[in-house]
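[1] Below: sequence and its predicted model.
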Amino acid sequence: MNKALFLPFLLVMSSVISLGQASKGYISLEEDSIYYETAGSGNTIVFIHDGLLHGDVWNDQFPFFSQEFRVIRYDRRGYGRSSPATGSYTHLEDLKVLFERLHIDSAILVACSSGGALAIDFTLECPEKVDALVLVGAVVGGFSYSSHMRTRGGHVPESFENDQEENLYYATDDPYLIYEQNTEAKKTAVDLLSAFPQRIQRRPNFVRPDIPPSQRLHEIEVPTLILVGEFDIPDVHAVSGALSNGIPDSRRIIIPESGHLIPMEQAALFNQTLLDFIRASLSSLMNP
């Protein structure tokens, strides 16, 4: 990746709208823009959403953790309030720009699903900027997926009429994204998708490293928490085991009565588990 191509990103100021103690704004990326929100003060937590929804998936976490920390969430390019992608880009470079423009020296990354793969990539490339890592139903570059994963156990239709129909399938009928008994979470997912129905309109220009991230997990030296829902798809459980085995200072916890979107499905348990981990991790950083 030619980093010089991304230098113009770093030169463009964010537009910021104050919201009391919170603020929201856009980071300009040539013809595109990334929407973000930030609140609170103290050690920084950056929340990275999954590949279906957008930053509002963290609605139960954002105000809770802003009471004790500086919290930041954003919509990845092509999601939510961020613009559709018009040019070549990578989510990794976009995350670097977010750190630069919001003056984040280092942060705890809390990332879900494909956002977890992004967080792993960022941690491997910029280890000095990551204080701790929380991977929620995460995937990682270098692992292939089973036919069961691709077909959702034979449940996914062969085709959809449009992206919104596909989105709503995952929110309502998919057996793994949200555990069937978590009906309120399903309603919330439908509401979030209905508010911002677009998804990625142009695939990012992924950089294929010589050594896949799955083979570099031993290089991650920060405290790492791996969370997986009891009823998530078997591939994600397998990846969570590989992450646990590969990352030296890591702990894996299975969250009961949850599918893939744990922060929405079991918010109270997720928040307490995350809070305990963050406090312990920060304590270990101050008292090595």
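    Ah, there it is.

[2] Quick check: residue 125 touching residue 92?
    Yes: checked against CB atoms under 8 Å, the pair residue 125 and residue 92 is within contact range at 7.0 Å. C-beta here means a position set from N, CA and C on the backbone, and glycine is covered the same way.

[3] Tell me, how many residues neighbour residue 88?
    10 (other CB atoms under 10 Å).

[4] Let me know the secondary structure of it.
    When classified by DSSP: H, G, I helix; E, B strand; the rest coil, residue 88 comes out as coil.

[5] per-residue pLDDT, it?
    Listed pLDDT for residue 88 reads 77.

[6] Distance of it relative to residue 255?
    As for residue 88, its distance to residue 255 is 37 Å (criterion: CB to CB, to the nearest Å).

[7] ok, which stretches of this protein are helices?
    Shown for the chain, the helices assigned by DSSP state H span residues 7-10, 62-66, 91-101, 114-125, 147-151, 163-172, 183-195, 234-246, 262-265, 267-286.

[8] Indicate which one of the ones you listed is closest to residue 37.
    Closest of the helices of the chain to residue 37 is helix 62-66, at 7.1 Å (criterion: CB to CB).

[9] circling back to that earlier point, buried deepest among the helices of the chain, which one?
    Per-stretch averages of neighbours, counted by mean count of other CB atoms under 10 Å, single out helix 262-265 among these, with a mean of 26.

[10] So what touches that one?
    57-58, 60-61, 112, 136-137, 178-179, 182, 185, 188-189, 227-229, 255, 257-259, 270 (CB atoms under 8 Å, 6 or more residues apart in numbering).

[11] ok, now stretch 153-164?
    Stretch 153-164 has contacts (CB under 8 Å, 6+ apart) with 148, 150, 166, 169, 173-176, 193, 197-199, 233.

[12] could I get those residues as CSV with distance to residue 246 and pLDDT?
    Listed next are the contacts of stretch 153-164 as CSV, based on distance: CB to CB, whole Å; pLDDT from 0 to 100:
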residue, distance to residue 246, pLDDT
148, 22, 93
150, 23, 91
166, 32, 86
169, 32, 90
173, 33, 92
174, 28, 93
175, 28, 93
176, 23, 96
193, 33, 91
197, 36, 76
198, 34, 65
199, 30, 59
233, 20, 97
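
[13] what's the closest of those to residue 34?
    Distance to residue 34 across the contacts of stretch 153-164 (CB to CB) is lowest for residue 198, with 14.3 Å.

[14] What score does residue 25 have for pLDDT?
    96.

[15] Look up how far residue 152 lies from it.
    37 Å.

[16] Then residue 67?
    According to CB to CB, residue 67 stands 38 Å off from residue 152.

[17] Comparing these two, which residue is more hemmed in?
    In this view residue 67 and residue 152 are compared by other CB under 10 Å, and residue 152 has more residues nearby, 17 against 10.

[18] nearest spatial neighbour of that one, skipping sequence neighbours?
    residue 174 (5.7 Å; CB to CB, 6 or more residues apart in numbering).

[19] again with residue 282
    If the residues on either side of it in the chain are set aside, residue 282 comes closest to residue 43, at 6.0 Å by CB to CB, 6+ apart.

[20] Could you list the low-pLDDT ranges of the stretch 1-150 of the chain?
    For the stretch 1-150 of the chain, the stretches with pLDDT under 70 are 1-21.

[21] do the stretch 151-288 of the chain as well
    For the stretch 151-288 of the chain, the ranges with pLDDT under 70 are 198-208, 287-288.

[22] let's see 90
    For the stretch 151-288 of the chain, residues meeting the criterion pLDDT under 90 lie at 154-168, 194-211, 249, 283-288.

[23] which residues in the stretch 1-150 of the chain form strands?
    Applying DSSP state E, counting those that start in this stretch to the stretch 1-150 of the chain gives strands spanning 15-19, 22-29, 32-39, 44-48, 70-74, 107-112, 130-136.

[24] Please list the outside residues in contact with the fourth one.
    Surrounding strand 44-48, the residues in contact under the criterion CB under 8 Å, 6+ apart are 55, 58, 61-62, 65, 69-74, 76, 95, 98, 104-112, 115-116, 118-119, 278.
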